[in-house]
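J.: no FASTA, just this:
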């Protein structure tokens, strides 16, 4: 590999600075005793204390996490099944059509998805609240999981499956002992993608929350109208740290997966 | 496979623990009981201590939810699927909700504290006889200006804004009614004027203002004025109050030609499951002492005459937020001008926005 020029590393640092500056700016002011976002007066942890005393906000945070975890798990299961179905579609035309239909859902604007869910839920009489948000999140996460898992299946050699069948494995055995272990990294990637999509989704959630149930992004948006109080900064800081931990956790999981394992399916 | 199953079980266990925690928290707050009241309000627009007090006094548990614009609130209520017992929209949205039959009439016999509301703020065009709504807060549209930044000039009228001294100094809110209203008022017309000649005249006058305008902005106007990005802003009184808390150099004035008078009123949506509790809540909020405490927290102007007695002399004698009779007689509520006229207002405003600087 060519030696990296100085210019390119400066560029890299600059880009990361620009990307992270707003987040650190926000985190920095969460310790401001002055109460505003442009004049730092002194260090305080008051905003964090206020945060933990606000049970309503705490419930909203927990609800957001519950929705994210459940929708990620369910959409991962559905997405893996979907990806397998697309993989096993015999005719090329069918396969491409299915894949395109899946991709359309990813690129279509959130606002439209949200509005159509709102209309759908009111027509079939699902009350807006926990269930409606969960269903909506599952729906927009499934295509993402499919996209994350499919390449992993495609790269798997078919001879492995035939070998397993030849050796007397049942269809179920092939699925659980060959395919799933092989695509595990893809499944985890899909799960974490779904998790983060659900955690930070605003547009879709905005339409389908109601009856006292709300998620963090929607709540922050409502609060921001009257000027964000610094406990939102404190909350964002905690969320950022939490996400960082997720990313680090994900890193270690993938690292462990890349070590050769007993199944001998490493490329 | 083993790894996947383990991960799946871990996630499910975590979710279960979280769900149990939320339920515990909810029941500790009493949200799970039957006797609840769901309030749909602007973000940070009530003193939360009062909600706790209401819960303690009546045994009704309050679920509190917020919205960020009248339009968002309207969509949620129109679509159904929600059961808000109290909502607090602005007057033009109330007008719309009444026409679309989305509100339950308020039983005045259940709201005896209605007598404390200043008669000036009752029986207005958007809700005759206050059949459907009760005033929560009110305010004006006016000019916020930074004394330190624009020099020792006192702004008293809309016309002052056209002064060439203020080149590139003025921020205005992105609202057709507000901006057109400013121009109409400065010409001596009503801000509900429907005479097309007057409207075109107003638009042409606005075009002359463009050299002075720095930007047309949304809610961020508050922060921009606080941080002295511009010296002058066309704002609502509530926003001005918040700016003045943060920046002492800022002054607010309701121009002498007259201006807009706006309201946020409490209403009971049709979808309400507990109108009884909603009436109790409205009556509770109208109690002079409670209204005074809430006003102190929110900082907008209260329509509650009784509450004024419990408030600081300094606050209620502040002519900027509690203007005298003479000025209030010049304030007008936005009337619903009908779809065609509103579109015309919007068109003119759009043309003004496109006017080259």
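T.: Great, that's in hand. Bear in mind the structure is a predicted one, so any value in this text is a computation, not a measurement. Residues are numbered from 1 along each chain as shown, chains lettered A, B, ... in the order given.

J.: could you give me the average pLDDT of the helix or strand where residue B:179 lies?
T.: Assigned by DSSP states H and E, residue B:179 belongs to helix B:176-186. Predicted confidence along helix B:176-186 averages 89 (mean pLDDT).

J.: Would you mind listing what in the stretch 101-250 of chain B touches chain A?
T.: Within the stretch 101-250 of chain B, the positions adjacent to chain A are B:219, B:222-223, B:226-227, B:242, B:246 by Cβ under 8 Å from any Cβ of the partner chain. In this view, the C-beta of every residue, glycine as well, is placed from N, C-alpha and C.

J.: Past the helix holding residue B:179, which element shows up next along the chain?
T.: Past helix B:176-186, heading to the C-terminal end, the next element that is a helix or strand (DSSP H and E) is helix B:196-209.

J.: which outside residues touch that following helix?
T.: Outside of helix B:196-209, the residues within contact range by Cβ atoms under 8 Å, 6 or more residues apart in numbering or on different chains are B:161-162, B:170, B:179-180, B:183-184, B:186-187, B:189, B:193, B:344-345, B:348-349, B:351-352, B:355.

J.: Among these, name the buried ones.
T.: In the contacts of helix B:196-209, burial by neighbour count holds for B:161-162, B:170, B:179-180, B:183-184, B:186, B:189, B:193, B:344-345, B:348-349, B:352, counting by 16 or more other Cβ atoms under 10 Å in any protein chain shown.

J.: Taking the residues you listed together, which two end up most distant?
T.: Of all pairs drawn from the buried ones among the contacts of helix B:196-209, the one with the largest separation by Cβ to Cβ is B:170 and B:344; the distance is 24.6 Å.

J.: and the residue of the stretch 101-250 of chain B nearest chain A?
T.: With distances taken as Cβ to the nearest Cβ, the stretch 101-250 of chain B approaches chain A most closely at residue B:227, which sits 5.3 Å away.

J.: how about the nearest residue to that residue, chain neighbours excluded?
T.: Distance criterion Cβ to Cβ, 6 or more residues apart in numbering or on different chains; nearest residue to residue B:227, sequence neighbours excluded, is residue A:38 at 5.3 Å.

J.: Report how many residues lie close to that neighbour.
T.: By the other Cβ atoms under 10 Å in any protein chain shown criterion, the neighbourhood of residue A:38 contains 12 residues.

J.: Is it in a helix, a strand, or coil?
T.: Taken by DSSP: H, G, I helix; E, B strand; the rest coil, the conformation at residue A:38 corresponds to coil.

J.: Run a quick check on it versus residue B:229, I expect a contact.
T.: No. In this structure, residue A:38 is not within contact of residue B:229 by Cβ atoms under 8 Å, at 10.5 Å.

J.: Who is the closest residue to residue A:40 other than its chain neighbours paired with across the strands?
T.: Leaving out its chain neighbours, the residue that sits closest to residue A:40 by Cβ to Cβ, 6+ apart is residue A:32, at 5.2 Å. Bridge pairing for residue A:32 (DSSP bridges) gives the partners residue A:43.

J.: For residue A:32, the count of nearby residues, please.
T.: 20.

J.: Check residue A:170 too.
T.: Counted with other Cβ under 10 Å, the burial measure for residue A:170 works out to 11 neighbours.

J.: so who does residue 235 touch?
T.: Let's take chain A. When contacts are counted by Cβ under 8 Å, 6+ apart, residue A:235 is found next to A:51, A:57, A:61, A:216, A:220.

J.: meant chain B actually
T.: Residues touching residue B:235, when contacts are defined by Cβ under 8 Å, 6+ apart, comprise B:141-144, B:173, B:221-222, B:225, B:243, B:252.

J.: would a markdown table of these with neighbour count be doable?
T.: Conversion of these to a markdown table gives the following (neighbours: other Cβ atoms under 10 Å in any protein chain shown):
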| residue | neighbour count |
| --- | --- |
| B:141 | 27 |
| B:142 | 26 |
| B:143 | 24 |
| B:144 | 29 |
| B:173 | 18 |
| B:221 | 24 |
| B:222 | 23 |
| B:225 | 28 |
| B:243 | 25 |
| B:252 | 21 |
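
J.: residues in contact with residue A:87?
T.: Residue A:87 neighbours (Cβ under 8 Å, 6+ apart): A:150, A:153-154.

J.: Which of those residues fall in strands?
T.: Here DSSP state E is the test, and those give no hits in strands at all.

J.: Nearest to chain B among those?
T.: Nearest to chain B among the contacts of residue A:87: residue A:153, at 14.6 Å, using Cβ to the nearest Cβ.

J.: how about the closest residue to that closest one other than its chain neighbours, secondary structure?
T.: Of all residues beyond its chain neighbours, the one nearest residue A:153 is residue A:87 (4.8 Å), with distances taken as Cβ to Cβ, 6+ apart. Remark: residue A:87 carries the secondary structure label helix [criterion: three-state DSSP].

J.: got it, and residue B:263?
T.: Using three-state DSSP, the structure places residue B:263 in strand.

J.: separation between it and chain A?
T.: Per Cβ to the nearest Cβ, to the nearest Å, residue B:263 is found 17 Å from chain A.

J.: who's in contact with the closest residue to that residue other than its chain neighbours?
T.: In space, and not counting its chain neighbours, residue B:263 is closest to residue B:91: 4.5 Å by Cβ to Cβ, 6+ apart. Residue B:91 makes contact with B:124, B:126-127, B:262-265, B:333-334 under the criterion Cβ under 8 Å, 6+ apart.

J.: any idea which of these is closest to residue A:190?
T.: Comparing the contacts of residue B:91 against residue A:190 with Cβ to Cβ picks out residue B:264 as the nearest, at 45.4 Å.

J.: Just the buried subset of the contacts of residue A:87, please.
T.: Those of these that meet the buried threshold are A:150, A:153, by 16+ other Cβ under 10 Å.

J.: Show me what the helix holding residue B:179 packs onto, helices and strands only.
T.: With contacts defined as 3 or more Cβ pairs under 8 Å, 6 or more residues apart in numbering or on different chains; DSSP states H and E, the packing partners of helix B:176-186 are strand B:133-146, strand B:170-173, helix B:196-209, strand B:232-236, helix B:339-354.

J.: And that helix, how far out from the chain middle?
T.: For helix B:176-186, the distance between its averaged C-alpha position and the chain's averaged C-alpha position is 18 Å (Cα atoms, centre = their mean, to the nearest Å).

J.: how far off helix B:196-209 does it point, in degrees?
T.: Comparing the axes of helix B:176-186 and helix B:196-209 via axes from the mean of the first three to the mean of the last three Cα atoms, to 10 degrees yields an angle of 90 degrees.

J.: Report the angle between helix B:176-186 and strand B:133-146.
T.: Between helix B:176-186 and strand B:133-146, the angle comes out at 70 degrees (the same axes, to 10 degrees).
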